[in-house]
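Asks: Coordinates only, no sequence provided:
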């Protein structure tokens, strides 16, 4: 029986976060990666032909950028405030600032806790440099989503 | 434009995007200002170890796509309108054993901005799993990248879906 808390501990110990990221099938489809620098965690979405929306620019699909940022918030929460189950999203709000071109995209997430049960996330995504973000997002998550989101096997 | 013309435009728009093909997102119906899309059940989105949060993130992609497609049904000519902002409220957790549907409506068109709303559901449209609103920016002077426009507006058979 593999528990989420064990996975988080193993990831922190080994520095390999991929088993945790790959828990979410869509994160694997997109190709999300996670790199840890000291206490800073940076999420990377490598350029991927399957993630393109507009093929003539070409530009990454807007939904891909949004989902990448939502997953960034989920993984940051999981790593920073480990719970027995994955946090459950309540709402997600995104501002697009620039087109995401067909190259690597990066994201970081700041978490602050709102009371005992809610995590408040703010996510920034960029490509060439952090001071030129392509999008920023805010999301609320229910931290203890209870038995429903326990890892089963 | 009639329903078949809107449907043809929306289908070409979806098929032109590699990520929409990757997920198999397709059009169910289109009419003036409205579109319904579906994300079919598929092995690449199924998790053997998680019994919930099945659509982690992918619901967001579906909503973004549907909102964008609804704008195509609200404009006489194709215009590529970038998303300004998108907000999603999650009311229920979708299950991985059923397709995910989204019904989107572009309810207001101004000279510069398009406003959309959408609801996401599975078995029962009256029990949505999520609601979303979004805004889109119309290109200045109606100018849209011509290569992409040609792809979407098609040729003489533009009405064939």
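Replies: Yep, it's here. These numbers were taken from a predicted model, which means no experiment stands behind them.
Asks: give the contact list for the residue nearest the centre of chain B.
Replies: Central residue of chain B (CA atoms, centre = their mean): residue B:66, 1.4 Å from the mean position. Neighbouring residues of residue B:66 by CB atoms under 8 Å, 6 or more residues apart in numbering or on different chains: B:35-37, B:102-104, B:118. For glycine as for every other residue, the C-beta is placed from the backbone atoms N, C-alpha and C.
Asks: got it, and residue B:15?
Replies: residue B:21.
Asks: Select the longest helix from chain A.
Replies: In terms of residue count, the longest helix belonging to chain A (DSSP state H) is helix A:62-80.
Asks: for the record, mean pLDDT for it?
Replies: Averaging pLDDT along helix A:62-80 gives 95.
Asks: The very next helix or strand once past that helix pairs with which strands, and in what direction?
Replies: In the C-terminal direction, the helix or strand that comes right after helix A:62-80 (DSSP states H and E) is strand A:88-96. In the sheet, strand A:88-96 lines up against strand A:133-142 (antiparallel), strand B:83-90 (antiparallel) (DSSP bridges).
Asks: distance between the first one and the chain's centre?
Replies: Per CA atoms, centre = their mean, to the nearest Å, the displacement of strand A:133-142 from the mean C-alpha position of its chain is 10 Å.
Asks: ok so, going back, quickly compare the strands paired with strand A:88-96 and say which is most buried.
Replies: Comparing the strands paired with strand A:88-96 by mean neighbour count (mean count of other CB atoms under 10 Å in any protein chain shown), strand A:133-142 comes out on top with a mean of 21.
Asks: Residue 48: neighbour count?
Replies: Using chain A. 18 (other CB atoms under 10 Å in any protein chain shown).
Asks: think we crossed wires, I meant chain B
Replies: Number of residues near residue B:48 (other CB under 10 Å) recorded here: 8.
Asks: which phi and psi does it have?
Replies: For residue B:48, the backbone dihedrals (degrees, to the nearest 10) come out as phi -80, psi -20.
Asks: ok, now how distant is it from residue A:106?
Replies: Here residue B:48 is placed at a distance of 30 Å from residue A:106 (CB to CB, to the nearest Å).
Asks: In contact with the closest residue to residue B:129 other than its chain neighbours, which residues?
Replies: Setting aside the residues directly before and after it, residue B:129 is nearest to residue B:92 in space (CB to CB, 6 or more residues apart in numbering or on different chains), at 4.3 Å. Taking CB under 8 Å, 6+ apart, we find residue B:92 in contact with B:127-130.
Asks: most surrounded residue in those?
Replies: Most surrounded of the contacts of residue B:92: other CB under 10 Å gives residue B:130, at 25 neighbours.
Asks: Run a quick check on it versus residue B:86, I expect a contact.
Replies: No: judged on CB atoms under 8 Å, residue B:130 makes no contact with residue B:86 at a distance of 11.6 Å.
Asks: Which neighbours do the two have in common?
Replies: Residues touching both residue B:130 and residue B:86 (CB under 8 Å, 6+ apart): residue B:63.
Asks: Would it be right to say that the residue nearest to the centre of chain B lies in a helix?
Replies: Yes: the assignment for residue B:66 by DSSP: H, G, I helix; E, B strand; the rest coil puts it in a helix.
Asks: most remote residue from chain B's center?
Replies: Max radial position in chain B (CA atoms, centre = their mean) goes to residue B:49, at 29.4 Å.
Asks: Can you tell me the SS state at residue B:9?
Replies: Three-state call for residue B:9 (three-state DSSP): helix.
Asks: give me every residue that touches it.
Replies: B:1, B:30, B:72-73, B:78, B:152-154, B:158.
Asks: what stretches of chain A score poorly on pLDDT?
Replies: Along chain A, the parts satisfying pLDDT under 70 run over A:1-2, A:145-153.
Asks: Give me the distance between the most centrally placed residue in chain A and residue B:23.
Replies: Centroid-nearest residue in chain A, with CA atoms, centre = their mean: residue A:72, separated by 1.3 Å. Going from residue A:72 to residue B:23 by CB to CB gives 20 Å.
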